[in-house]
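Asks: Quick check, what structure comes out for this input:
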Amino acid sequence: MTRFLRVAMTILLLLLVSFIPFTAQSEVDWDISNAIQLDETPIDVAQAQGGELTYLLTDQAKVYIYSVAGKLVGTIPVDPSVTDIAISAKGEQLYLINSKRKTLKTYDISFIVDFNVEGSPFLGPADAKVVVAVFSDFQ
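Replies: Got it, this is the predicted structure:
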């Protein structure tokens, strides 16, 4: 069989197969992994790429930040006319869309973590603020 004939037969076979109707059914398996009872009406929700935190905009002009376990991590007051929120992939910026005022505000997000340093040696005032920066994107 010549190469031309093999190619022609393959193309013909592919054309015939493409016209055969295929029906497939699928099922969806689901399970509720977490449920949070809210005191306010949710308007919008956003989640960072890692899925560690969920940001929830409510009708009371607040953005609530929840952990995967459903624990409230923080609250951010926002303009009452904010209609939508989005979060950057790594979760370091929160975007607030205000359709009424035609604005987009970007909030830089960082979390304050208290930890016990009692008994640890230190230099300088005991009540000094400290910022710990983590650089995890080295190549």
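Asks: got the residue ranges for the helices in the chain?
Replies: Here the chain has its helices, by DSSP state H, at 3-18.
Asks: what about it, any weak spots by pLDDT?
Replies: Residues of the chain meeting the criterion pLDDT under 70: 1, 4-5, 7-8, 12-24, 122-123, 131-139.
Asks: if I look at Leu56, how far off is Asp114?
Replies: Using Cβ to Cβ, to the nearest Å, Leu56 is found at 24 Å from Asp114. To be clear about C-beta, it is placed using only N, CA and C from the backbone, and glycine gets the same treatment.
Asks: These two: which is more packed in?
Replies: Leu56 (21 against 5; other Cβ atoms under 10 Å).
Asks: Nearest residue to that one in space, ignoring adjacent ones along the chain?
Replies: Among residues not flanking Leu56 along the chain, Tyr64 sits closest, at 4.7 Å (Cβ to Cβ, 6 or more residues apart in numbering).
Asks: From Leu56, how far out is the nearest residue to Thr58 once chain neighbours are set aside?
Replies: For Thr58, ignoring the flanking residues on the chain, the nearest one in space by Cβ to Cβ, 6+ apart is Glu40 at 3.8 Å. Using Cβ to Cβ, we find Glu40 at a distance of 9 Å from Leu56.
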